[in-house]
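J.: Give me a model of this one.
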Amino acid sequence: MTARDAPVPPAGSGVTFVMPVLNEERYLRRAVESVLAQEIDGPMELVIALGPSTDRTADVARALAEADARIVLVDNPAAHIPIGLNRAIRAGTLPTIVRVDAHSELEPGYVRRALATLERVRAANVGGVMRAEGRTPFQRAVARGYNARIGLGGGAYHGGAPEGPAESAYLGVMRRAVLDEVGLFDESIRRGEDWELNLRIRSAGYRVWFDPGLGVTYWPRESWSRLARQFHSTGAWRAELVRRYGRRNSLRFFAPPALVVLLAVAVLTGILQLTSVLTGVWSAAASLVYVPLAAYAVLVIANALAPGGGGLRERLWSLAVIPTMHIAWGIGFLSGMTRGAHDTVDTSRLHRNTPLP
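T.: I've put the predicted structure just below:
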């Protein structure tokens, strides 16, 4: 089927940035500054959807809005990202939507290049590379996991894929007319909402495009517990998307649950061998389960020892971070496949005294 060309607004029509936020006191100002520093032809506005934060996020947002008339605040009492995105999109007025995240910073020239790419290939959505970075040894180790192929499995926006059509787009610069046609973000989805939206865009015949010249700095979670909770939630919602859309999901999404199953089989095998339930040829045959796990361990160690791995603490954290990402994701996926993800919330965004939405 020939791809449909997305409409191109008149030159200088401007863009609406949309940003849902919750408990982002430490990151919000720099994220907003990276947005306002973008140089584009025409007007721009930044609509921030404020969730019920328990830190000073709302105070920071109000101060930023008072200092710059281009910033608009809307409430997002449910705290869920897709709901906040839709509220922000509806509050905006300009024909191109740029999704931004409070945990990210746009590189200079990001929007100008994205608009040029949208017009050149007549895509409905274009995204670039997520460049994870960290400030502490732990956060830098997580960033290495994000940027490494072994970490998140080779999605285009995590690595060096060539420019071209894509399954999804990180954050994304989108034509409002196409969003109006296919519907906005699905508010019943809590994670993976961008993948599901891009599936509908592609199903409608439009192009989703990857441009490796576009870069966004992303700051990962700052603690092990938050990382584990984030990936458990992500895995559960990926399973929900598999339940809904089946084989339209990439095979790479099944690697973490396969790892969890292998680990469970290996533990059971070890117990049976230690208790002499498995002996002889049966024990030898069962021991084959250890081979892929040993190969996985070698890859994790090689990633931690690779050049540019930072200091000792960062390398040691790398040994724990990647298995945490994979195992938490895999457990979440298996749970989501069993019972669905309808009640799963990403609690890594919440502080201890934040009520669950």
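
J.: so where do the helices sit in this structure?
T.: 28-36, 57-67, 81-91, 110-121, 137-147, 149-152, 176-182, 193-203, 224-245, 255-274, 280-286, 290-305, 312-339 (DSSP state H).

J.: for those helices, which one sits closest to Y170?
T.: Nearest of these to Y170, taken as CB to CB: helix 193-203 at 7.8 Å. Heads up, the C-betas are built off the backbone N, CA and C, glycines and all.

J.: Helix 224-245 and the closest one, what's the angle between them?
T.: 30 degrees (axes from the mean of the first three to the mean of the last three CA atoms, to 10 degrees).

J.: just to revisit the earlier point, turn the helices of the chain into TSV, columns for mean neighbour count and distance to E167.
T.: TSV is the format used below for those (neighbours: other CB atoms under 10 Å; distance: least, CB to CB, whole Å):
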stretch	mean neighbour count	distance to E167
helix 28-36	19	26
helix 57-67	16	32
helix 81-91	22	19
helix 110-121	19	16
helix 137-147	23	18
helix 149-152	18	14
helix 176-182	16	16
helix 193-203	21	7
helix 224-245	21	12
helix 255-274	16	16
helix 280-286	11	37
helix 290-305	14	24
helix 312-339	20	18
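
J.: Between those, which one is closest to S168.
T.: Using CB to CB, the helices of the chain put helix 193-203 closest to S168, at 4.3 Å.

J.: With distance to G51 and mean pLDDT added, can I get the helices of the chain in a markdown table?
T.: Formatted as a markdown table, the helices of the chain follow (distance: least, CB to CB, whole Å; pLDDT from 0 to 100):
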| stretch | distance to G51 | mean pLDDT |
| --- | --- | --- |
| helix 28-36 | 12 | 95 |
| helix 57-67 | 8 | 96 |
| helix 81-91 | 7 | 96 |
| helix 110-121 | 25 | 96 |
| helix 137-147 | 22 | 92 |
| helix 149-152 | 25 | 81 |
| helix 176-182 | 22 | 97 |
| helix 193-203 | 15 | 95 |
| helix 224-245 | 16 | 93 |
| helix 255-274 | 28 | 96 |
| helix 280-286 | 49 | 94 |
| helix 290-305 | 34 | 94 |
| helix 312-339 | 22 | 94 |
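
J.: Rebuild those helices as JSON lines, extending it with distance to V15.
T.: As requested, those are exported to JSON lines (distance: least, CB to CB, whole Å):
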{"stretch": "helix 28-36", "distance to V15": "10"}
{"stretch": "helix 57-67", "distance to V15": "18"}
{"stretch": "helix 81-91", "distance to V15": "12"}
{"stretch": "helix 110-121", "distance to V15": "6"}
{"stretch": "helix 137-147", "distance to V15": "27"}
{"stretch": "helix 149-152", "distance to V15": "28"}
{"stretch": "helix 176-182", "distance to V15": "10"}
{"stretch": "helix 193-203", "distance to V15": "18"}
{"stretch": "helix 224-245", "distance to V15": "28"}
{"stretch": "helix 255-274", "distance to V15": "36"}
{"stretch": "helix 280-286", "distance to V15": "58"}
{"stretch": "helix 290-305", "distance to V15": "37"}
{"stretch": "helix 312-339", "distance to V15": "33"}
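
J.: on contacts alone, who are the packing partners of the strand ranked longest in the chain?
T.: The strand that spans the most residues within the chain, counting by DSSP state E, is strand 208-218. In terms of contacts (3 or more CB pairs under 8 Å, 6 or more residues apart in numbering; DSSP states H and E), strand 208-218 is packed against strand 104-106, helix 110-121, strand 125-132, strand 164-165, helix 193-203.

J.: Please produce a markdown table containing the ones you listed, extended by distance to T347.
T.: Formatted as a markdown table, the helices and strands packed on strand 208-218 follow (distance: least, CB to CB, whole Å):
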| stretch | distance to T347 |
| --- | --- |
| strand 104-106 | 20 |
| helix 110-121 | 30 |
| strand 125-132 | 21 |
| strand 164-165 | 35 |
| helix 193-203 | 17 |
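
J.: what's the closest of those to V277?
T.: helix 193-203 (43.6 Å).

J.: orientation of the closest one relative to helix 81-91 in degrees?
T.: 60 degrees.

J.: Now do the contacts for T324.
T.: Contact partners of T324, counting by CB atoms under 8 Å, 6 or more residues apart in numbering, are 224, 227-228, 231.

J.: Check R120 too.
T.: Neighbours of R120 in contact, by CB under 8 Å, 6+ apart: none.

J.: can we see that at 10 Å?
T.: By CB atoms under 10 Å, 6 or more residues apart in numbering, the residues touching R120 are 8, 126, 209, 211.

J.: what mean pLDDT does the longest strand of the chain have?
T.: The average of the pLDDT scores along strand 208-218 is 94.

J.: Dump that strand to CSV, restricted to CA.
T.: Extracted in CSV, the C-alpha atoms of strand 208-218 (Å, rounded to 0.1, in the frame of the first residue of the first chain):
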residue,chain,number,x,y,z
VAL,A,208,6.3,7.4,11.0
TRP,A,209,9.9,8.4,10.5
PHE,A,210,13.2,8.0,12.3
ASP,A,211,15.9,10.7,11.8
PRO,A,212,19.2,9.9,13.6
GLY,A,213,20.2,13.6,13.3
LEU,A,214,17.6,14.4,15.9
GLY,A,215,18.8,14.0,19.5
VAL,A,216,17.2,14.3,22.9
THR,A,217,19.0,14.0,26.2
TYR,A,218,17.2,11.7,28.7
